[in-house]
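A.B. asks: Sequence and predicted model, in that order:
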Amino acid sequence: MDKVQWFKILTPEIKEMISNRDLRELRNFLVKPHPADIASLLRELDPDERVLVFRLLGKDTAVDVFALLEPDEQEELLKYFTERRVKELLMEMDPDDRTQLLDELPAEMVERFLRLLPPEDREEANLLLNYPPNSAGRLMTTEYVGLRLDMSVSEALQRIRETGPDRETIYTCYVVNSTGHLHGVTTLKDIILAPAEKKIDEITNEMPFSLKTSDDQEVAAKIIQKYDLLAAPVVDSQGILVGIITVDDVLDVVQEEATEDFHKMAAIQTPDENYFRGDFFTLLGKRVIWLVVLIFAATLSGKVLKSYSLLLSSVITLTYFIPMLTGTGGNIGSQSSTLVIRALATGEISMKQWLAVLRREVLMGVTLGCILGVVAFMVEMILLQDVLIGVTVGAALAVIAIVGNTVGTVTPMLFKLLKLDPAFVSSPLIATIVDVTSLIIYFSIAGIILSL
């Protein structure tokens with residue numbers, strides 16, 4: 001049985017333990033589950049119950065569970081804690097997790113919590129918070145294993161034993177020179193297998209890359225994915241190693257970026273909170289803005305219909321096929337834009353390949369147009385048995401397919417050229433553009449073929 005479902009089944013029993021104040025049994029129950037499962041359990045409880053359960057957790061488990069909660073869930077819990085408890089949590093959290101928490105809290109809470117930290121931790125927190133939002137510097141942790149070039153293997157092992165418990169990972173060790181500049185990387189496996197007297201310099205591999213603190217977090221995600229890493233080093237403008245970004249943080253970034261792109265492509269401003277935790281009117285505002293814009297854009301279709309009113313009144317059967325033509329054109333445009341946006345985001349294509357992409361998609365549009373045009377002609381013949389109308393509908397759909405596919409391809413690449421996020425090319429926007437274009441194409445071809 002899925003663990004999330006398991007916890008949902010046990011939630012009533014846990015609530016009963018809380019109401020009966022059987023806290024010893026509840027504390028014993030909370031010893032075995034994984035922190036991620038406890039975090040899922042907390043989401044099933046009411047706020048007061050959530051606080052009580054969290055207070056029953058052991059110190060190390062509580063820190064791990066707290067780090068796995070969403071920022072708004074963390075903020076809610078912090079309101080119930082004493083300053084001493086808050087201080088314990090903040091000091092035990094990894095620097096990158098603590099930065100993410102402080103970044104989401106109101107300014108007055110951040111100021112109050114920073115005062116609880118010892119000077120060294122406060123300085124570190126301020127340093128990370130001063131990096132630009134969504135940058136590698138804001139995402140990194142300063143808890144890494146750093147080794148000097150002139151160390152022997154035995155000295156390196158001693159340093160790992162001393163500092164390892166406080167580090168986020170010890171499997172990858174970063175080698176620096178006397179001035180702190182990143183020289184290369186070695187692994188715990190290489191260190192353990194090397195003779196004790198051997199120098200670290202002799203088992204160090206050159207780093208093919210390094211991230212800068214100013215790099216966007218998406219760059220960090222692509223680097224870790226490309227080189228299949230557990231962590232990537234981050235250097236400052238002088239090339240001095242200042243931190244690392246681990247794969248667990250990158251997974252969060254990938255999820256956030258994918259969510260943001262999905263919202264943009266659906267013409268929705270990205271919500272700041274989870275679905276059920278978000279305020280109804282806030283979510284309403286984020287959706288209605290784009291919809292109002294699209295209403296004004298859609299009035300262009302009405303303008304086109306008005307300008308061709310004489311043609312429509314002469315051959316009323318032309319109106320039967322308007323939904324099919326505009327809908328198909330919008331679908332084709334949405335398909336091609338989705339493919340191009342995804343390929344741009346993953347690096348499968350670049351702007352240097354725009355001509356090859358355009359050539360490929362135009363050919364795709366022509367092929368789709370021929371197939372769909374024949375299908376549209378056959379549909380019209382089954383319904384009305386009017387050859388001229390059938391030819392008109394089929395020819396129009398063939399041209400609409402070519403234009404729709406081209407618009408869906410060119411628009412995101414144009415946004416990329418203008419240094420705008422291609423994800424802003426939403427499906428509703430593409431559909432609106434293609435709708436207007438489809439009507440013009442349809443009525444123009446109808447006027448030629450039907451001699452009207």
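C.D. replies: That came through, no problem. Numbering: from 1, shown residues only.
A.B. asks: what residues are up against the residue nearest to residue 194 when sequence neighbours are not counted?
C.D. replies: Nearest residue to residue 194, sequence neighbours excluded (Cβ to Cβ, 6 or more residues apart in numbering): residue 153, at 4.7 Å. Glycine gets a C-beta too; all of them are placed from N, C-alpha and C. Residues near residue 153 by Cβ atoms under 8 Å, 6 or more residues apart in numbering: 191, 194, 195, 196, 197, 198, 199, 200, 203.
A.B. asks: Just the buried subset of those residues, please.
C.D. replies: Among the contacts of residue 153, those buried by neighbour count (16 or more other Cβ atoms under 10 Å) are 191, 194, 199, 200, 203.
A.B. asks: Which of these fall within helices?
C.D. replies: Counting by DSSP state H, the part of the buried ones among the contacts of residue 153 found in helices is residue 191.
A.B. asks: Can I get the buried ones among the contacts of residue 153 in JSON lines including distance to residue 87 and pLDDT?
C.D. replies: Shown next, in JSON lines, are those (distance: Cβ to Cβ, whole Å; pLDDT from 0 to 100):
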{"residue": "191", "distance to residue 87": "36", "pLDDT": "94"}
{"residue": "194", "distance to residue 87": "41", "pLDDT": "93"}
{"residue": "199", "distance to residue 87": "42", "pLDDT": "93"}
{"residue": "200", "distance to residue 87": "37", "pLDDT": "94"}
{"residue": "203", "distance to residue 87": "41", "pLDDT": "94"}
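A.B. asks: how about the buried ones among the contacts of residue 153, which pair is most distant?
C.D. replies: 191 and 199 (11.4 Å; Cβ to Cβ).
A.B. asks: Relative to residue 49, how far out is the spatially closest residue to residue 78 that is not a sequence neighbour?
C.D. replies: Nearest in space to residue 78, with sequence neighbours left out and distances taken as Cβ to Cβ, 6+ apart, is residue 86 at 6.0 Å. For residue 86, the distance to residue 49 equals 20 Å [Cβ to Cβ, to the nearest Å].
A.B. asks: now do residue 84
C.D. replies: 22 Å.
A.B. asks: Going along the chain, name the helices of the stretch 1-150 of the chain.
C.D. replies: Taking DSSP state H, counting those that start in this stretch, the helices of the stretch 1-150 of the chain run over residues 3-19, 23-29, 35-43, 47-55, 59-68, 71-78, 83-92, 95-104, 107-116, 119-129, 136-139.
A.B. asks: which stretch among those comes nearest residue 401?
C.D. replies: helix 136-139 (43.1 Å).
A.B. asks: list the helices and strands the closest one packs on?
C.D. replies: helix 95-104, helix 119-129, helix 217-227, strand 241-246 (3 or more Cβ pairs under 8 Å, 6 or more residues apart in numbering; DSSP states H and E).
A.B. asks: tell me which strands and helices the second one is in contact with?
C.D. replies: Helices and strands touching helix 119-129, by 3+ Cβ pairs under 8 Å, 6+ apart, are helix 95-104, helix 107-116, helix 136-139.
A.B. asks: Which one, of those helices, ends up nearest to residue 308?
C.D. replies: helix 95-104 (53.3 Å).
A.B. asks: how about the closest one: buried residues?
C.D. replies: The neighbour-count check on helix 95-104 (16+ other Cβ under 10 Å) flags 95, 96, 97, 98, 99, 100, 101, 102 as buried.
A.B. asks: Need these in TSV (columns: pLDDT).
C.D. replies: Shown next, in TSV, are the buried residues of helix 95-104 (pLDDT from 0 to 100):
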residue	pLDDT
95	87
96	83
97	85
98	88
99	87
100	83
101	86
102	87
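A.B. asks: of those, closest to residue 298?
C.D. replies: Proximity of the buried residues of helix 95-104 to residue 298 (Cβ to Cβ) peaks at residue 100, which lies at 40.5 Å.
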